[in-house]
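Chemist: Predicted model, plus sequence, below.
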Amino acid sequence: MSEGQMSSQKRLPVTIITGFLGSGKTTLLNNIIRKNPDTRFAIIENEFGEMGIDGDLVSNDNTSVYELANGCICCSLSKDFYQSLQAIVERSDDIDHLLVETTGIADPMSVIDLFMANNTIEKLFEINSVICLADSATLEKTLDAEPESRKQIALSDIVLLNKIDLIDRESTTNLKELIVDINPMAKIVETSYAQTNGTPLLQTKAYSYRHIEETTISCNQLNLSLHDIARSNGSMINHNVKKHRHDIHAEGFIFDECFDLELFNIWMSSYLYFNQQSLYRVKGILNFKNKNKRCIFQAVKGSYIFEEGSDWKSDESRYSKIVFIGKYIDRDVLEKNLQKLFQERKPGKVQA
């Protein structure tokens, strides 16, 4: 893919829309286009989508639709997909935002990984957020029966609980608890008819270090051990140690000790490599010795980055807070391995 057209410009923001069959993805797409008339969109979707994008919305010069005829976006990342990206790059001066609508029966991991791990594409595009549409009336049964739906939740930055008018408040509370157990970092928005309800979906910048830092600090729904609770004095977390309903869930850790940067880097690289099929996202704030700023860490599949965050305050107790989202995470093994990465500890044998 040629880089010349966008080399001197900002990267094009990408919003990925996922959700199981019938959840309202294309309705959301139509709503986003309708509510942002001055934004010039490029849209990549499968030709065999559940319903079409409103023709009146794409009849002007502000929106271009690229339909993929050869298979699911998430499953194959076909030649059509790369050709669509190339066409978008070539006319980048006329495009403000790329929307990618995935099919309902697949997870978006491969699409996310493409925009993060492919060096050429990563220089041209940046992920704004992953949005999951969830049908409130059927979500509980879908999560129990369809592994792909659980992964869609796990990889999302925003979960729109659509068709909320069809269920009562108790059911809404139960659904939110299920979502939080899978992904405590996601923002949950109640809605009907896939309305955005004032949520700035196109300005999330969920993969920026600022957003990772803010959501990590504010997240208080982590599944932590009693030892973590005691060390945090109860100030940062929910006091419940949860039992998980599904195979995909989140595990969070808080440590007062400093991590050894070299040890952490070596171990994390290995851990991500050997757990690519079961570990979906890692986010956190890390404390390294002799660093005056928080280190913001995030990983998707085998790709990860460190970035500098805000300054540690002089009167602040430093800590590390890190969240792993994946399938069949062994909390005890993971915690023991992380503890071996503390500064000034002799490195022991660490399992990947």
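Modeler: Arrived safely.

Chemist: Which strands and helices lie in contact with the helix or strand harbouring Lys123?
Modeler: Element membership for Lys123 (DSSP states H and E) is helix 119-124. Helix 119-124 is packed against helix 79-90, helix 109-117, with contacts defined by 3 or more CB pairs under 8 Å, 6 or more residues apart in numbering; DSSP states H and E. No exception for glycine: its C-beta is placed from N, CA and C like everyone else's.

Chemist: 7 Å - rerun?
Modeler: Helix 119-124 sits against helix 109-117, with contacts defined as 3 or more CB pairs under 7 Å, 6 or more residues apart in numbering; DSSP states H and E.

Chemist: who does the helix it packs on touch, helix- and strand-wise?
Modeler: By 3+ CB pairs under 7 Å, 6+ apart, helix 109-117 packs against strand 12-19, helix 73-76, helix 119-124, strand 125-135, strand 293-300, strand 303-311.

Chemist: so for it, what's the average pLDDT?
Modeler: Mean pLDDT, helix 109-117: 87.

Chemist: Sort out which residues of it are buried, please.
Modeler: 109-116 (16 or more other CB atoms under 10 Å).

Chemist: ok, the residues you listed vs Ile17, which is closest?
Modeler: Val111 (10.5 Å; CB to CB).

Chemist: Confirm for me that that closest one is in contact with Val100.
Modeler: Yes: here Val111 reaches Val100: they are 6.2 Å apart, a contact under CB atoms under 7 Å.

Chemist: list the contacts for Leu98?
Modeler: 12, 14, 42, 88, 125 (CB atoms under 7 Å, 6 or more residues apart in numbering).

Chemist: per the record, what domains does the protein have?
Modeler: The record's domain parsing of the chain by automatic domain parsing lists 4-203, 209-339.

Chemist: for the ones you listed, which one ends up most surrounded?
Modeler: domain 4-203 (a mean of 18; mean count of other CB atoms under 10 Å).

Chemist: Can you show me the CA trace of the helix or strand harbouring Ile153 as PDB?
Modeler: Using DSSP H and E, Ile153 sits within helix 147-154. Extracted in PDB, the C-alpha atoms of helix 147-154 (Å, rounded to 0.1, in the frame of the first residue of the first chain):
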ATOM      1  CA  PRO A 147     -18.800 -17.300  21.700                       C
ATOM      2  CA  GLU A 148     -18.400 -14.600  19.000                       C
ATOM      3  CA  SER A 149     -20.800 -12.300  20.900                       C
ATOM      4  CA  ARG A 150     -18.700 -12.500  24.100                       C
ATOM      5  CA  LYS A 151     -15.600 -11.700  22.100                       C
ATOM      6  CA  GLN A 152     -17.300  -8.700  20.500                       C
ATOM      7  CA  ILE A 153     -18.000  -7.300  24.000                       C
ATOM      8  CA  ALA A 154     -14.500  -8.100  25.200                       C
END
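
Chemist: tell me how far it is from the chain's mean position?
Modeler: Its chain's average C-alpha position is 11 Å from that of helix 147-154, according to CA atoms, centre = their mean, to the nearest Å.

Chemist: what's the angle from that helix to strand 12-19?
Modeler: Calculated by axes from the mean of the first three to the mean of the last three CA atoms, to 10 degrees, helix 147-154 forms an angle of 140 degrees with strand 12-19.

Chemist: And the strands in the stretch 251-352 of the chain?
Modeler: Secondary structure of the stretch 251-352 of the chain (DSSP state E, counting those that start in this stretch): strands located at 279-286, 293-300, 303-311, 320-327.

Chemist: Kindly reformat these as a markdown table containing distance to Lys336 and mean pLDDT.
Modeler: Listed next are these as a markdown table, based on distance: least, CB to CB, whole Å; pLDDT from 0 to 100:
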| stretch | distance to Lys336 | mean pLDDT |
| --- | --- | --- |
| strand 279-286 | 17 | 95 |
| strand 293-300 | 19 | 95 |
| strand 303-311 | 21 | 93 |
| strand 320-327 | 14 | 95 |
